[in-house]
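> structure for this input, please:
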Amino acid sequence: MTEPDVPSIVGPRVRVMQLLVGGMAGGVASFALVAVVMRQAGLQGGPEPFAEVLGYIGIAVAVVACALSAIIPAVMMGNWRKQQGAAFLRQTAGRPEAPAVLAAGLITAYQSSLIVSCALLEGAAFLQLIVYFVGGESYSLGIALGLLVFLIAKMPTRDGVERWLAMQRGLMEEEQSRAPEGGG
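This next block holds a predicted model:
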């Protein structure tokens, strides 16, 4: 059995990631629709005394989630390259299946970082929708929709993942060439 080539690995994995992001975005959009309809129908109950405080907490969570959703994937990939990337390069050096094996490892790491990044945005969006539902704060609905847009913007494409793979391979080779002899 021959090893698959890189393009045959990328396509199916990108589709899985698109389904994951689409499912997260669909959940946020569905809950937004339910919250708006229930709020407009007056089914939210009485005013909650903590709604204003929850609104402030929600704004802080949204800001932190946006920042972390941009930072954490880069940190996760940097750690992966340091911990596992060098081992991948050493173990597969000179082997014909090396590019496919490396691509599979990198895509798995990319998928993990994408899930974490999107989950941060999704959680913050749900919190904003709860604030909207409980307190009727329209700014919370707007922030939730903004977070939904950021979440959808993370939808991976095949071309984007292939460019990302090439960039990661280049970074790994650069880090490997800078590493002291004997590993690092």
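> Gly170: neighbour count?
10 (other CB atoms under 10 Å). Backbone N, C-alpha and C define where each C-beta goes, glycine included.
> got the buried residues for the one helix or strand Leu33 maps to?
Here Leu33 is covered by helix 6-40, with elements defined by DSSP states H and E. Of all the residues in helix 6-40, those buried under the rule 16 or more other CB atoms under 10 Å are 6, 9-10, 13-14, 17, 20-21, 24-25, 28-29, 31-32, 35, 39.
> can you give me the distance of the closest residue to Ser117 other than its chain neighbours to Ala32?
Among residues not flanking Ser117 along the chain, Ser69 sits closest, at 4.3 Å (CB to CB, 6 or more residues apart in numbering). Noted for Ser69: a distance of 19 Å to Ala32, by CB to CB, to the nearest Å.
> again, but for Tyr56
On the measure of CB to CB, Tyr56 and Ala32 end up 21 Å apart.
> tell me where the model's unsure across the chain.
For the chain, the stretches with pLDDT under 70 are 1-5, 45-47, 89, 92-93, 97-98, 179-184.
> try 80 this time
1-8, 43-49, 85-101, 173, 175-184 (pLDDT under 80).
> so where do the strands sit in it?
In the chain, no segments count as strands under DSSP state E.
> Met77: neighbouring residues, count only.
Neighbours of Met77 using other CB under 10 Å come to 20.
> list the residues that contact it.
Met77 sits next to Ala109, Tyr110, Ser113, Gln168 when contact means CB atoms under 8 Å, 6 or more residues apart in numbering.
> just the closest of the buried residues of helix 6-40 to Glu48, please.
Closest approach between these and Glu48, by CB to CB: Arg39, at 12.7 Å.
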